[in-house]
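Q: Got a sequence here, can you model it:
(one chain, ligands or ions: 1)
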Amino acid sequence: MSDDPSRFGKLHPGLEDSQAAEALRKEAKLGDAGWKREVERNLALGLSAAPSITDRSISTFSRGELPHFAGINTFLKAPYVEDVHQVGAYDAAVLGIPLDIGATYRSGTRFGPQGIRKISALYGAYYFELGVDLREQMTLCDLGDVFVIPANIEKAFDQISRAVSYVFASGTFPIMLGGDHSIGYPCVRGIAPHVNGNIGIIHVDRHVDTQEKDMDERMHTTPWFHATNIANAPPKNLVQFGIGGWQVPRAGVAVSRERGTTIMTITDIMEMGLDKALDIAMEVATDGTEAVYLSFDIDSVDAGFVPGTGWPEPGGLLPREALHIVQRVARETDLCAMELVEVAPPYDVSDVTALLATRVIVDVLATLVDAGKLPRQQPTWLKTEPAQEPWAL
Ligand SMILES: [Mn+2]
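A: Residues are numbered from 1 along each chain as shown. Below is the predicted model:
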């Protein structure tokens, strides 16, 4: 951290309006109260350091961000909030949903939340490009994982909807770590009763996931059939972005056609350009809706970048395109929650899949802060009364 934020060196005249120059100006304005609080806490809980250590902000036991390789990892080393009743005190909350019995090929996403948390320790709270410091500008917690029922997907769905409903009704921005994509349906089911108006869904994926059943059950190939049966999550506001390849089942295509969901393939995106395609996608998801739900399947990215996933499909998005997509969605829509699904650590290599998943999430958070949407204000459409259980659908 610089000692004197008024000191600026000379920039190349051609770069004065660059993102990097703006990032330097933004960094100078960031405070460090959050960092100071963290150091104070680390020293109080973890003992002051050995006398030979000059930097007296270091503690004996690692209790905060540093060292990055140490510690018991929550997401981004955010505080673990064991008492779920306290979640409303935070602007955003991470909850793991370690469910993979909806997988129809490789399982392993039950370890997704752990895998994402583990590699998220690589990151601090500061994002240079947007000049955002999450530690200084918002509050984030990790609620741990939902108790899913590993031998019964419908009971697992009931648990997931109940968990998401509770967090959402508290006014906190929920971030769900999957888990396979079957969780998309119970997540939207948990949110829908708390939105006074319609929800649009932006679904970034290689697969449509719109068939009614797969092998006689609701699986990770079926979430949007069921989610768009919810009265205030209509199919006309479901946009499916990045679809293509040889793993799009015809049963799902027929449903998308009949219901009029909006599918945009990678070729569509290439031909019209990513920004134009995104303009259309956001127009579909926001048309007549109050809030937007972001479902990001990590397999939307080209299989070469995300080996740790259940149904890898070549020809998908580049990582930087994926980050551009979620940043624009976070900035330009009224995003109410997000899920990051299909990270399967047993198939991952050097944690690269989990690392990209982490990036997608922290880029959303940083953008929400940069756009003035976090810290959270109580949305006008939020209904905080408990949802009715059992769930109707
Ligand atoms: Mn997929």
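Q: what's the distance between whichever residue of the stretch 51-200 of the chain sits closest to the ion and residue 127?
A: Proximity of the stretch 51-200 of the chain to the ion (C-beta to the ion) peaks at residue 181, 5.9 Å away. Every C-beta, even on glycine, is put in place using the N, C-alpha and C of the backbone. Distance, residue 181 to residue 127, using C-beta to C-beta, to the nearest Å: 27 Å.
Q: about what we covered before: hang on, the residue of the stretch 51-200 of the chain closest to the ion packs against residue 297?
A: Yes - using C-beta atoms under 8 Å, residue 181 is in contact with residue 297, at 5.8 Å.
Q: got any residues that touch both of the two?
A: 205, 207, 341-342 (C-beta atoms under 8 Å, 6 or more residues apart in numbering).
Q: nearest to residue 92, of those?
A: Closest approach to residue 92 among the shared contacts of residue 181 and residue 297 (C-beta to C-beta): residue 341, at 17.8 Å.
Q: Looking at the biggest helix by length in the chain now, give me its mean pLDDT.
A: With DSSP state H setting the assignment, residue counts place helix 352-370 as the longest helix in the chain. Computed over helix 352-370, the mean pLDDT rounds to 98.
Q: now stretch 273-293
A: Mean per-residue pLDDT for stretch 273-293: 98.
Q: What residues of it count as buried?
A: Neighbour-count burial for stretch 273-293 flags 274, 277-278, 280-282, 284-286, 289-293 (criterion: 16 or more other C-beta atoms under 10 Å).
Q: Next: stretch 85-95.
A: Buried-residue list, stretch 85-95, by 16+ other C-beta under 10 Å: 87, 90-95.
Q: got it, and stretch 335-352?
A: 335-345, 347-348, 351-352.
Q: could you pull out the helices for the protein?
A: 19-29, 33-46, 112-120, 134-137, 153-169, 184-191, 223-227, 250-259, 266-272, 274-286, 319-332, 352-370.
Q: quick revisit: for the shared contacts of residue 181 and residue 297, work out which two are farthest apart.
A: The distance between the two most remote of the shared contacts of residue 181 and residue 297 (C-beta to C-beta) is 11.0 Å, for 207 and 341.
Q: what touches both of these two?
A: Residues within reach of residue 207 and of residue 341 at once, by C-beta under 8 Å, 6+ apart, are 181, 297.
Q: wait, residue 179 sits on residue 107?
A: No - here residue 179 lies out of contact with residue 107, judged by C-beta under 8 Å, at a distance of 11.1 Å.
Q: Which one's more surrounded, the two?
A: residue 179 (31 against 16; other C-beta atoms under 10 Å).
Q: In contact with that one, which residues?
A: 96-100, 109-110, 112-113, 339, 341-342.
Q: Could you list the contact residues of this structure toward the ion?
A: Contacts of the chain with the ion, taken as C-beta under 5 Å from the ion, map to 205, 207, 297, 299.
Q: Kindly state the beta-bridge partners for the residue nearest to the first one when sequence neighbours are not counted.
A: The reference is to residue 205. Leaving out its chain neighbours, the residue that sits closest to residue 205 by C-beta to C-beta, 6 or more residues apart in numbering is residue 297, at 4.0 Å. Beta-bridge pairing for residue 297 (DSSP bridges): residue 341.
Q: Tell me the one of the residues of the chain next to the ion nearest residue 234?
A: Looking at the residues of the chain next to the ion and their distance to residue 234, the nearest is residue 205, at 19.0 Å (C-beta to C-beta).
Q: The spatially closest residue to residue 31 that is not a sequence neighbour: how many residues sit nearby?
A: Distances taken as C-beta to C-beta, 6+ apart place residue 136 nearest to residue 31, at 5.2 Å, with adjacent residues excluded. Look at residue 136: counted by other C-beta under 10 Å, it has 17 neighbours.
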